[in-house]
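Asks: pasting the sequence and the predicted model now:
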Amino acid sequence: MTGEQIGQVLDTLVVTDDAVPVSGADSGFALPDAMLRLLNRVVEAAGVRNVFEFGSGRSTKALLAAGCTVTALEHSQSWLVQTLASLTAEERSRLHAICQPLELVFYQGAPFRSWVLDGDTLQRLSAAEMVLIDAPAFPPFREHALSVSLRHSGGGLIVVDDGGIPTVRRFCARLAGVAGTMHRESPIDHGLYFMVRGAGAGSPPRRRLVETAKAWRRYFMAGSMCPTGL
């Protein structure tokens, strides 16, 4: 489907009025039920069968249960073990799980903890019909994963979790602000940000200097809150 067609699908599915209240502590870092239901409806309506996921968990289970083939890139071995334990043997046969530690990377002059993707992983990302970004656990670090996804996604649908967080909303809006990029928002629970980069879309605009300074500050704050990495 083209970005315009996916946009039309989202217009019929995505809640755009009042945000659904946050569901609370039952989901933690995982996607809550309301968001999983919306993702499953989008997958079904858009005919998605091949998904690349930054992170793993309840969303992985839901996507596999919907009949998708999933590549899940995870940095936490223990979290990945929990995810695998929740799957049936048949679901595991459609999952390609990669456990790879986060590294210090730079994007537009700002530091992030994210992944450096090898050739095989980039091919899997490019082949995906949908990319779900719900990791790293520290949401501002997802800007790097989004930038990589926009460069390599091959025109597939990209979904960013925690779009309701102001920092996440700002970098999503900036990176989606390129001509030819379809984007929609859903305020359900944490918030989801959807986008598809068009074939003729140009390079994303540079981050403002004040935002780059904030990104440096967040990087050091995240390290002090979680010395072992996020």
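Replies: Thanks, I have it.
Asks: neighbours of Arg49, how many?
Replies: Neighbour count of Arg49, defined by other CB atoms under 10 Å: 14. To be clear about C-beta, it is placed using only N, CA and C from the backbone, and glycine gets the same treatment.
Asks: quick check, it in contact with Gly67.
Replies: Yes. Here Arg49 reaches Gly67: they are 6.9 Å apart, a contact under CB atoms under 8 Å.
Asks: at the geometric centre of the protein, which residue do we find?
Replies: Central residue of the chain (CA atoms, centre = their mean): Ile133, 1.2 Å from the mean position.
Asks: distance check, that one against Pro139.
Replies: According to CB to CB, to the nearest Å, Ile133 and Pro139 sit 9 Å apart.
Asks: got the contact list for Leu36?
Replies: Applying CB atoms under 8 Å, 6 or more residues apart in numbering to Leu36 gives the contacts 58-59, 62.
Asks: what residues does the helix or strand harbouring Trp216 touch?
Replies: Here Trp216, judged by DSSP states H and E, is contained in helix 209-225. With contact meaning CB under 8 Å, 6+ apart, helix 209-225 is reached by 108-113, 138, 140-141, 143, 167, 170-171, 207, 230.
Asks: how about it: buried residues?
Replies: 211-212, 214-215, 218-219, 222 (16 or more other CB atoms under 10 Å).
Asks: show me where pLDDT drops low in the protein?
Replies: Low-confidence segments of the chain, defined by pLDDT under 70: 1-3, 14-30, 179-180, 200-201, 224-230.
Asks: could you redo the last one with a cut-off of 80?
Replies: 1-7, 9, 11-32, 154, 178-181, 198-203, 223-230 (pLDDT under 80).
Asks: so where do the helices sit in it?
Replies: Under the criterion DSSP state H, helices of the chain are mapped to 3-13, 33-46, 58-65, 77-85, 89-93, 119-127, 142-152, 166-175, 209-225.
Asks: quick one: closest of those to Cys99.
Replies: Nearest to Cys99, of all these, is helix 77-85, at 5.3 Å by CB to CB.
Asks: render the CA-only coordinates of that closest one in CSV, please.
Replies: Provided in CSV are the C-alpha atoms of helix 77-85 (Å, rounded to 0.1, in the frame of the first residue of the first chain):
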residue,chain,number,x,y,z
GLN,A,77,18.4,-10.9,27.4
SER,A,78,16.1,-11.4,30.3
TRP,A,79,13.3,-9.5,28.7
LEU,A,80,13.7,-11.5,25.5
VAL,A,81,13.6,-14.8,27.5
GLN,A,82,10.3,-13.6,29.0
THR,A,83,8.9,-12.9,25.5
LEU,A,84,10.0,-16.2,24.1
ALA,A,85,8.4,-18.0,27.1
